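> Structural data only, the sequence is not supplied:
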């Protein structure tokens, strides 16, 4: 088992990129996955543990709140994420545990964080600009 840690982020265009030590980005994974035919996909899904889910199973599946995944990707605890992005800790926990759902402005804010967490953090540190 490898102990390598890879830092990645989702860009605004939806692409996942690896963040290198110098801050540069490269596509993730390093090499593109090969295209598969429908037959190859079906053959790969022949394992009963790896079969595609039915529509009913997809509807019934428990969704992992994006904010939880986002915090993991950024390597932040709940407390760190809440503090860094000025989200009340109780609200964050409610979102992660599925007790409440984020409203539309909050979802837009989370998309901004996913797109460029460092820029959002810098903007919050600098406060509003006055002209």
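Everything's here; your move. Quick caveat, the model's predicted, so the values are computed rather than measured.
> how about the helices of this protein, start to end?
Here the chain has its helices, by DSSP state H, at 38-44, 55-60, 66-74, 78-84, 89-96, 104-115, 117-126.
> Any idea which of these gets closest to residue 5?
helix 66-74 (11.6 Å; CB to CB). All C-beta spots, glycine's among them, are computed from the backbone N, C-alpha and C.
> Who are the packing partners of that closest one?
The contact analysis (3 or more CB pairs under 8 Å, 6 or more residues apart in numbering; DSSP states H and E) places helix 66-74 against strand 8-10, helix 78-84, helix 89-96, helix 104-115.
> Repeat the analysis, applying 6 Å as the threshold.
The contact analysis (3 or more CB pairs under 6 Å, 6 or more residues apart in numbering; DSSP states H and E) places helix 66-74 against helix 89-96.
> what comes up buried for the helix it packs on?
Within helix 89-96, the residues scored as buried using 16 or more other CB atoms under 10 Å are 92-93, 95-96.
> Domain map for the protein?
1-30, 49-131 (automatic domain parsing).
> Nearest to residue 38, out of the ones you listed?
Using CB to CB, the domains of the chain put domain 49-131 closest to residue 38, at 11.7 Å.
> before we move on, the earlier item: is it possible to get JSON lines of the buried residues of helix 89-96 that adds pLDDT?
Below are those laid out as JSON lines (pLDDT from 0 to 100):
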{"residue": "92", "pLDDT": "92"}
{"residue": "93", "pLDDT": "91"}
{"residue": "95", "pLDDT": "89"}
{"residue": "96", "pLDDT": "87"}
